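Colleague: I'd like to go over a predicted model; first the sequence, then the structure.
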Amino acid sequence: QKEVEQDPGPLSVPEGAIVSLNCTYSNSAFQYFMWYRQYSRKGPELLMYTYSSGNKEDGRFTAQVDKSSKYISLFIRDSQPSDSATYLCAMTRGSTLGRLYFGRGTQLTVWP
Amino acid sequence: SAVISQKPSRDICQRGTSLTIQCQVDSQVTMMFWYRQQPGQSLTLIATANQGSEATYESGFVIDKFPISRPNLTFSTLTVSNMSPEDSSIYLCSVEWVRTQETQYFGPGTRLLVL
């Protein structure tokens, strides 16, 4: 079993839709959770960062962490064609080793 | 925010040759890492580049195949040695600052194709 599971999609939605992206994980020691956005032929760009359980909102993006279920989500409201990218979840125990554990990424297309 | 650059951005190489990838940051960072991103796969950590000492490799990666240098706090290199087509991948460096501990920022990546 992989430590981080993420449905690779692809996911295709119309402009304006609410998008829900999810990851599950198996290691209860993970405490820091991140979402990266990766455009084609670019490096991953940090989108959201949360610590432990709870919600965090930044503009049209909301990150949720449910540690009891080992489940994290990223919601995109009023999705735009510019949101079309691959979204990667990542997490870490928080040790000084700095290793991040990534999901495979979900490919999202928002069509006008 | 800091700028992370990688050279080359892409390359096509012959089997059996070696390629050195450079990662440059415009400010001093605490930690630097090298990842591999194969099509349809998760980002996989190759090693942590330690300043002034040998890199720390993850399981499945060895120094002879992926020698790494980090001579200072802003620069690191990854060499892919004796390449085979299985080494075709995107190679990414990432960095971490003390103030952003547990959060990493990535360079643009180097796309490598081995024929």
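Modeller: Looks like it arrived, so ask away.
Colleague: C-alpha only now, for contacts and for neighbours.
Modeller: Fine.
Colleague: for stretch A:103-112, which outside residues touch it?
Modeller: For stretch A:103-112, the surrounding residues in contact (Cα atoms under 8 Å, 6 or more residues apart in numbering or on different chains) are A:4-15, A:21, A:23, A:79-90, B:40-43.
Colleague: ok, of the residues you listed, which come out buried?
Modeller: A:4-6, A:8, A:11, A:13, A:15, A:21, A:23, A:79-80, A:83-90, B:42-43 (16 or more other Cα atoms under 10 Å in any protein chain shown).
Colleague: tell me what the nearest residue to B:Ser88 once chain neighbours are set aside is bridged to.
Modeller: With Cα to Cα, 6 or more residues apart in numbering or on different chains as the criterion, B:Ser88 has its nearest non-adjacent residue at 4.6 Å, and that residue is B:Leu113. Bridge pairing for B:Leu113 (DSSP bridges) gives the partners B:Ile12.
Colleague: what's the distance between B:Leu113 and B:Leu73?
Modeller: 29 Å (Cα to Cα, to the nearest Å).
Colleague: any idea how far A:Gln31 is from A:Ser84?
Modeller: 28 Å.
Colleague: ends of stretch B:16-33, what's the gap?
Modeller: First residue to last in stretch B:16-33 (Cα to Cα) measures 25 Å.
Colleague: wait, I meant stretch B:107-115
Modeller: 25 Å.
Colleague: cool, and stretch A:33-42?
Modeller: 21 Å.
Colleague: who touches that stretch?
Modeller: A:44-52, A:65, A:74, A:84-92, B:103, B:108-109.
Colleague: show me where pLDDT drops low in chain B?
Modeller: Chain B contains residues with pLDDT under 70 at B:1, B:98-102.
Colleague: and the strands in chain B?
Modeller: Counting by DSSP state E, the segments of chain B that form strands are B:4-7, B:10-13, B:19-25, B:31-37, B:43-49, B:56-57, B:68-72, B:75-80, B:89-96, B:105-106, B:110-114.
Colleague: what do you get for chain A?
Modeller: A:4-6, A:11-14, A:19-25, A:32-38, A:45-51, A:54-58, A:61-66, A:71-76, A:85-92, A:101-102, A:106-111.
Colleague: residues of the third one that come out buried?
Modeller: For strand A:19-25, burial by neighbour count (16+ other Cα under 10 Å) applies to A:19, A:21-25.
Colleague: pLDDT of it, averaged?
Modeller: The average pLDDT within strand A:19-25 is 97.
Colleague: how about the residues of chain B by chain A?
Modeller: B:40-45, B:92, B:101-109 (Cα under 8 Å from any Cα of the partner chain).
Colleague: hmm, try it at 7 Å
Modeller: Contact residues, chain B versus chain A (Cα under 7 Å from any Cα of the partner chain): B:40-43, B:102, B:105-109.
Colleague: of those, which pair is most distant in space?
Modeller: B:Gly40 and B:Glu102 (24.8 Å; Cα to Cα).
Colleague: dump the residue contacts of the residue most central in space within chain B.
Modeller: Nearest to the mean C-alpha position of chain B, by Cα atoms, centre = their mean, lies B:Trp34 at 3.2 Å. Applying Cα atoms under 7 Å, 6 or more residues apart in numbering or on different chains, we find B:Trp34 in contact with B:45-48, B:92-94.
Colleague: top of the residues you listed by number of neighbours, please.
Modeller: B:Cys93 (32 neighbours; other Cα atoms under 10 Å in any protein chain shown).
Colleague: that one and A:Phe102: what is the separation?
Modeller: Taken as Cα to Cα, the span from B:Cys93 to A:Phe102 is 15 Å.
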